[in-house]
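# the following comprises the amino acid sequence and a computationally predicted model.
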Amino acid sequence: MLEAQIAYREQQACEETDREQLIMSELPQVYYIARRIHERLPRQVPFDDLVHSGVIGLMEAIRSYEPGKLVPFKSYAKFRIRGAILDSLRALDWGSRPLRHKGRQLEEAISRLSKKLGRQPEEEEIAAELGISIDELCSIARQIDGAILVSQQVGLAYDKSRKHDLIESAPSRDENPFELCARTEVREMLAQAIGTLTKKEQMVISLYYKEELTMKEIAAVMQLGEARISQIHTMALPKLRAALQNEVINEPLV
């Protein structure tokens with residue numbers, strides 16, 4: 001065997017070993033991202049399926065990562081993993097017409113009550129406005145949250161044609177000045193909208209999106225049940241969407 005062939009095979013073996021080590025080192029991130037997404041989906045969605053898709057995203061990130069870009073691999077992989085998981089979920093029928101109709105009804109009810117009360121409505125008030133029980137309200141809100149997470153149905157203020165998740169969206173690695181300005185505008189609007197929520201809702205949103213804790217971790221911090229934390233998070237999101245879409249910005253609740 002020629003020396004060149006031997007050297008080539010050794011290089012290939014070395015690269016394969018490095019790739020496997022990188023995959024193993026980033027597996028905890030795959031599980032973490034899959035768990036955070038799974039928290040916002042109906043329980044019948046298999047967690048293992050999300051992990052499998054996340055691993056595929058991680059492998060694609062390893063193949064396509066360019067070290068010359070001033071972005072750490074871990075950050076790049078995070079969004080490729082999340083994107084792969086969401087892509088795998090889009091094959092499901094998340095955006096049915098009845099569900100979209102319920103979503104509009106929910107946000108319209110929140111908007112009406114916000115204008116009437118001069119503040120964000122409580123869960124009981126929203127349920128009464130819609131003529132349903134609290135349990136039905138939370139169930140609808142959870143379905144809508146899962147649909148929006150997967151299909152990314154929230155339009156940005158500066159470009160209604162572009163759809164993104166309400167809070168979690170991957171930053172561009174090459175944003176131009178306009179995009180940077182627009183993202184700043186969105187962040188400011190979002191900060192105002194978050195300010196209309198209750199203190200508990202604000203804390204859950206901050207711990208989940210800013211600190212990136214899981215629902216279980218947030219429950220431990222706030223000394224509440226995990227189901228209650230999930231409920232607070234689920235109900236906070238339609239309030240935020242209603243505030244952003246209708247620009248109903250009031251003082252935060254006590």
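Received, thanks.

# show me the helices in the stretch 151-254 of the chain, by range?
Using DSSP state H, counting those that start in this stretch, the helices of the stretch 151-254 of the chain run over 177-194, 199-205, 215-222, 226-246.

# so for stretch 126-141, mean pLDDT?
For stretch 126-141, mean pLDDT rounds to 89.

# can you check the pLDDT for the spatially closest residue to G225 that is not a sequence neighbour?
Among residues not flanking G225 along the chain, A219 sits closest, at 6.1 Å (CB to CB, 6 or more residues apart in numbering). All C-beta atoms are positioned from the backbone trio N, CA, C, and that covers glycine. Predicted confidence (pLDDT) at A219: the value is 94.

# which stretches of the stretch 151-254 of the chain aren't confidently modelled?
Within the stretch 151-254 of the chain, the segments meeting pLDDT under 70 span 151-186, 246-254.

# quick revisit: the residue nearest to G225: how many residues sit nearby?
Neighbour count of A219, defined by other CB atoms under 10 Å: 19.

# contact partners for it?
Counting by CB atoms under 8 Å, 6 or more residues apart in numbering, A219 makes contact with 225-226, 228-229.

# now A127: closest residue in space, sequence neighbours ignored.
L137 (4.5 Å).

# surely that neighbour and E125 touch.
No: counting by CB atoms under 8 Å, L137 stays clear of E125, with 10.3 Å between them.

# domain parsing for the protein?
3-89, 97-246 (automatic domain parsing).

# between L137 and E125, which has more neighbouring residues?
Remark: of L137 and E125, L137 carries more neighbours, 23 against 15, as counted by other CB under 10 Å.

# that one sits in which helix or strand?
helix 134-151 (DSSP states H and E).

# before we move on, what about K116?
Per DSSP H and E, K116 falls inside helix 97-117.

# neighbouring contacts of the next helix-or-strand element following that helix?
Using DSSP H and E, the helix or strand that directly follows helix 97-117 along the chain is helix 123-130. Helix 123-130 is touched from outside by 105-106, 109-110, 112-113, 117, 121, 133-134, 136-138, 235, with contacts defined as CB under 8 Å, 6+ apart.

# who are the contact partners of R36?
R36 touches 212, 214, counting by CB under 8 Å, 6+ apart.

# how close does Q105 get to Q44?
Q105 sits 24 Å away from Q44, going by CB to CB, to the nearest Å.
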